[in-house]
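**Student:** pasting the structure only:
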Ligand code: GLA
């Protein structure tokens, strides 16, 4: 059954609009978005679809194909950040963040194809598919960067996850065939062509299927350390610090703050270096940059885990040009750059290494850089 048919069966009436927004892979620049840094993610082909209709009253009904179309009900007047709930909070949060621009009740049916918990930003895909649709339906005319901020606000203030702006930005602003170089301070962007195939390469995405308990608290704790480091250095954000300035100010920071800040300052520099190397088709150096970023996330930022380390190590032991964990950390996915002809053998070796370590069987994906949110034609 198509999404429109399921919507009709569930809510009666046809959806007025169906929109879609993708998940993402972050090539380089991890945990630097909330430090006003630069990041370079790209949108994956997996996406979330939202079928939406306005209602004549103020009732809100939300359902998901993945939750067997069970209907969650509330009203426009009952949307409050403290509202308890599950996945539907991401949708409620987006409606809430639009404020009085949303003037009627809504029926929303979501169909999510971004793997949950894989660190591929299924939550931003969900938020952005709904935000894009509401922007169209209510003619609110928000630009994509404004919509990204709105979706981030939904997640920060309504859901209570202190995420940065990367995931929502790329889900909305990505273009097929390019990675998105994003300045997280002013949300200016540059599309960086990413045509790995013509260089005989492919980026393997390895979902470790590990989810460690630290995820939420660990993320907030890292963010807090970076903010306290910036405050002690007397700067707005760690983006405003060079590595030599950081070294000179070492005594102002605790050992832990210094480690976190060292990762941030170096990873922002790695983003610029990576852009430069990509423009020169120097994929060997790109691979090395990815591997250095992983070591920094593991040793200085301390957000890797055994499964992610194994995914990277087993890739490197099987001819990868380089790889690293991606996303918030403590589980989820890693990426590794390979020559196309080496990928199959590497997948088998990585799977065997996971088995030998007693880990869950990893899932492998690849994805070309895909388009951002749009109306589903
Ligand atoms: C999560 C957050 C992003 C970003 C990454 C780490 O995906 O949602 O804002 O901080 O972690 O780079």
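**Tutor:** Structure's in. What do you need? The structure displayed is predicted, hence computed values, not measured ones.
**Student:** After the lowest-mean-pLDDT helix or strand in the chain, which helix or strand is next?
**Tutor:** Taking mean pLDDT, DSSP states H and E as the measure, the chain has helix 215-233 as its least confident helix or strand, at a mean of 93. Where DSSP states H and E defines the elements, the next helix or strand beyond helix 215-233 is helix 243-248.
**Student:** can you pull the buried residues of that next one?
**Tutor:** residue 246 (16 or more other C-beta atoms under 10 Å). From N, CA and C alone the C-beta is placed, and that goes for glycine too.
**Student:** what comes into contact with the strand or helix carrying residue 344?
**Tutor:** Using DSSP H and E, residue 344 maps to helix 343-356. By C-beta atoms under 8 Å, 6 or more residues apart in numbering, the surrounding residues in contact with helix 343-356 are 202, 204, 206, 208, 307, 310-311, 313-315, 317-320, 336, 338, 360-362, 364, 366.
**Student:** In PyMOL, how would I select just the buried ones from those residues?
**Tutor:** To isolate the buried subset of the contacts of helix 343-356 in PyMOL, counting by 16+ other C-beta under 10 Å, use the following:
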select buried, resi 202+204+206+208+307+310+311+313+314+315+318+320+336+338+362+364+366
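**Student:** Which of the contacts of helix 343-356 fall within helices?
**Tutor:** Judged by DSSP state H, the subset of the contacts of helix 343-356 located in helices is 307, 310-311, 313-315.
**Student:** Output the residues you listed in JSON lines; the columns should cover pLDDT.
**Tutor:** As requested, these are exported to JSON lines (pLDDT from 0 to 100):
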{"residue": "307", "pLDDT": "98"}
{"residue": "310", "pLDDT": "98"}
{"residue": "311", "pLDDT": "98"}
{"residue": "313", "pLDDT": "98"}
{"residue": "314", "pLDDT": "98"}
{"residue": "315", "pLDDT": "98"}
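**Student:** could the residues you listed go into a markdown table alongside distance to residue 121?
**Tutor:** As requested, the ones in helices among the contacts of helix 343-356 are arranged in a markdown table below (distance: C-beta to C-beta, whole Å):
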| residue | distance to residue 121 |
| --- | --- |
| 307 | 19 |
| 310 | 23 |
| 311 | 18 |
| 313 | 25 |
| 314 | 24 |
| 315 | 22 |
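**Student:** Surely residue 118 is in contact with residue 206?
**Tutor:** No: applying C-beta atoms under 8 Å, one finds residue 118 not in contact with residue 206, separated by 9.7 Å.
**Student:** What sits closest to residue 175 if chain neighbours are left out?
**Tutor:** residue 191 (5.2 Å; C-beta to C-beta, 6 or more residues apart in numbering).
**Student:** Could you verify that that neighbour is part of a strand?
**Tutor:** Yes: applying DSSP: H, G, I helix; E, B strand; the rest coil, one finds residue 191 inside a strand.
**Student:** and it, how many residues sit next to it?
**Tutor:** 16 (other C-beta atoms under 10 Å).
**Student:** Would you mind naming what in the protein lies close to the ligand?
**Tutor:** The chain comes close to the ligand at residues 26, 30-31, 33-34, 121, 163-164, 166-167, 327-328, as judged by C-beta under 6 Å from any ligand atom.
**Student:** Out of those, give me the one that has the most neighbours.
**Tutor:** That'd be residue 121 among those, by other C-beta under 10 Å, with 31 neighbours.
**Student:** Test my guess that it contacts residue 169.
**Tutor:** No: applying C-beta under 8 Å as the test, residue 121 and residue 169 come out as separate, 10.7 Å apart.
**Student:** Contact partners for the nearest residue to residue 245 once chain neighbours are set aside?
**Tutor:** The shortest distance from residue 245 to any non-neighbouring residue, by C-beta to C-beta, 6+ apart, is to residue 233 (7.7 Å). Contacts for residue 233 (C-beta under 8 Å, 6+ apart) come out as 241, 245-246, 249, 252-253, 261.
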